[in-house]
Structure formats: C-alpha cells, structure tokens
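>>> A predicted structure for the sequence below; I have some questions about it.
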Amino acid sequence: MSIADNLLKYKNELDEVAVKLIAVSKYQEASAVLEAYNAGQRVFGENIVQELVEKQAQLPPDIEWHLIGHLQTNKVKYIAPFISLIQSVDSLKLLIEINKQAAKNKRVIDCLLQIYIADEDTKFGLGYDEAIDLLRSEEFTAMKNVRITGLMGIASNNALEKQTLDEFTELRVLFDGIKVSFFRKDDSFKELSMGMSGDYKLAIEAGSTMVRVGSNIFGKRKIKHWKEEV
C-alpha cells in the first residue's frame, strides 16, 4: 500500500473518535513527508533536532512540526523559530530554556509535559510528583513564552495489554487532576498524547487525543546517523 493509502486508513479511523494523527517521519526522506503532505497530512513528529531542521527548510511552510523525542537544552534554539508543539518536556530546566528561546523569537511555544509511565529505565519523563512541583514552581509561574497544553506518555515496550491500558489510564487520571488543579479555566490544556502504532487503540480507549504513528504509514525506516551539531 502507498503512503496515501496508509494515511487514509488511519484518518478514517481516527476522525470518527476525534483523535489527531501525528505522522512520525523520523529517518524518512523529505520526499516521503511530501508524499504524505500531498495526501492531506499536515502534522508530523520528529525525534532528532538536526533532521527536523533540515526537513523544515525543505518542506511546505504550513506543516505543523512536533518534537516528540528527548530534547537537550542546547538544541532548543534551533527549533524555537518554527516548532508548533514540543511534546517531550521532561524537566524544569528544559522548560526554562524553551521559554527563553521563545521570547527571543517573540513567540509563545506550546508544550506537553512528558510523564514517565513505563515500567522500564530507558524512557524519559517527569515523575508524577515532579510534574506537580514544576507546575507549582515560581519559575514556571513567571514564564510568559510557553504554554502547557497537556501531557504526553510512552507505555512500556512489549507489555501485556492490561499493563499498557493501566499505564495509559493512570496518565489520564493525572491529566484530569492537573486540569482541575492548575488549568481549570484554561481551554488550551486539552491534549493527552499517548499511543503509537502498536498500542494506539488502547490509548484511545484511555482517552488519548493524539497518537503517534510512523512505520505503519511510511514503511520501514531508513536509518541514518545524524551528526550531533546542527
């Protein structure tokens, strides 16, 4: 099946439940992204800053780019001029830098707090208490150039369905609690990004508002080793 056919399958399914599709284009050529764009997809997720910067320069300006991978503070400046959503905010230090770079670009950058929900050590993310402490901090309260629009989480790899659903459900409970405690009057706090190709149906069952799908749309990734410097 073509990229367009794969996209249509997901769009038809996700439109019925009002869930946004993030097409994960990591390691894909710009031509593949353009093919998806021409098929109607406008939201793409990237993990690597240098790869994102290169593609953004080559592709149509109305693409909504999401950074979904771990972000180092020294790389924020490269994406601050154009990024639509940073899904992977996993520390107050990173959020401070995003706020700083957004101010330099006279922007307000939307962000999701990445919450650690997996039962494994390889994932990034804030613990539940750390997320609450961040939102209560004076540093966050003073920020004018970032907007927290929700939470993101990645479930454990190769877990049983019950464990995966439990992890997603716990994140939804946290989302609801944070909404009531910190964003009760803020309509922009509405996104719960969870679910990928293998578990997106469980994520939707638990309340996900956006899912991240890559190889099931684009096919096998063409691994490329990107240099550290942009």
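Good, I have the coordinates.
>>> Tell me which other helices or strands the longest helix anywhere in the chain touches.
What stands out as the longest helix in the chain, according to DSSP state H, is helix 161-182. If you count contacts as 3 or more Cβ pairs under 8 Å, 6 or more residues apart in numbering; DSSP states H and E, helix 161-182 packs onto helix 128-136, strand 146-153, strand 191-196, helix 200-206. Backbone N, C-alpha and C define where each C-beta goes, glycine included.
>>> Now the one residue sitting closest to the centre of the chain: which helix or strand?
When Cα atoms, centre = their mean is applied to the chain, the residue found nearest the centroid is Q87 (3.3 Å). Under the criterion of DSSP states H and E, Q87 resides in strand 85-89.
>>> Need the contact partners of that strand.
45, 64-71, 79, 95, 98, 109-114, 124, 148-149, 152, 193 (Cβ atoms under 8 Å, 6 or more residues apart in numbering).
>>> quick one: it to strand 191-196, angle?
Interaxial angle, strand 85-89 versus strand 191-196 (axes from the mean of the first three to the mean of the last three Cα atoms, to 10 degrees): 70 degrees.
>>> which secondary structure elements does the helix or strand that strand 85-89 is followed by contact?
Downstream of strand 85-89, the first helix or strand assigned by DSSP H and E is helix 92-104. Packing contacts for helix 92-104, counted by 3+ Cβ pairs under 8 Å, 6+ apart, involve helix 76-79, strand 85-89, strand 109-115, helix 138-141, strand 146-153.
>>> May I see these arranged in CSV, with distance to V173 and mean pLDDT as well?
What follows is the helices and strands packed on helix 92-104, written out as CSV (distance: least, Cβ to Cβ, whole Å; pLDDT from 0 to 100):
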stretch, distance to V173, mean pLDDT
helix 76-79, 30, 98
strand 85-89, 20, 98
strand 109-115, 11, 98
helix 138-141, 22, 98
strand 146-153, 11, 98
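>>> re earlier: next one: the residue nearest to the centre of the chain from Q50, what distance?
Q87 sits 18 Å away from Q50, taking Cβ to Cβ, to the nearest Å as the criterion.
>>> go on, L174?
In terms of Cβ to Cβ, L174 sits 32 Å off from Q50.
>>> for K190, same thing?
Taken as Cβ to Cβ, the span from K190 to Q50 is 31 Å.
>>> who's more crowded, those two?
Neighbours per residue (other Cβ atoms under 10 Å) separate K190 from Q50, with Q50 holding more: 15 against 12.
>>> how close does the more buried one sit to S31?
18 Å.
>>> what does Y128 give?
Y128 is 42 Å from S31, by Cβ to Cβ.
>>> more neighbours, those two?
Y128 (17 against 9).
>>> I'd say that one and V173 touch.
No - taking contacts as Cβ atoms under 8 Å, Y128 lies outside contact range of V173: 9.8 Å.
>>> What residues does V211 make contact with?
14, 19-22, 193-196, 200, 203-204.
>>> Need those residues in TSV (columns: neighbour count and distance to I178).
Converted to TSV, the contacts of V211 look like this (neighbours: other Cβ atoms under 10 Å; distance: Cβ to Cβ, whole Å):
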residue	neighbour count	distance to I178
L14	18	24
V19	19	20
K20	16	20
L21	22	24
I22	23	21
S193	27	14
M194	29	14
G195	27	19
M196	18	22
Y200	22	22
A203	28	18
I204	20	20
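>>> any chance of those in JSON lines, plus distance to G214 and pLDDT?
Below are the contacts of V211 laid out as JSON lines (distance: Cβ to Cβ, whole Å; pLDDT from 0 to 100):
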{"residue": "L14", "distance to G214": "15", "pLDDT": "95"}
{"residue": "V19", "distance to G214": "16", "pLDDT": "97"}
{"residue": "K20", "distance to G214": "15", "pLDDT": "97"}
{"residue": "L21", "distance to G214": "11", "pLDDT": "98"}
{"residue": "I22", "distance to G214": "9", "pLDDT": "98"}
{"residue": "S193", "distance to G214": "14", "pLDDT": "98"}
{"residue": "M194", "distance to G214": "15", "pLDDT": "97"}
{"residue": "G195", "distance to G214": "12", "pLDDT": "96"}
{"residue": "M196", "distance to G214": "8", "pLDDT": "94"}
{"residue": "Y200", "distance to G214": "11", "pLDDT": "96"}
{"residue": "A203", "distance to G214": "15", "pLDDT": "97"}
{"residue": "I204", "distance to G214": "17", "pLDDT": "97"}
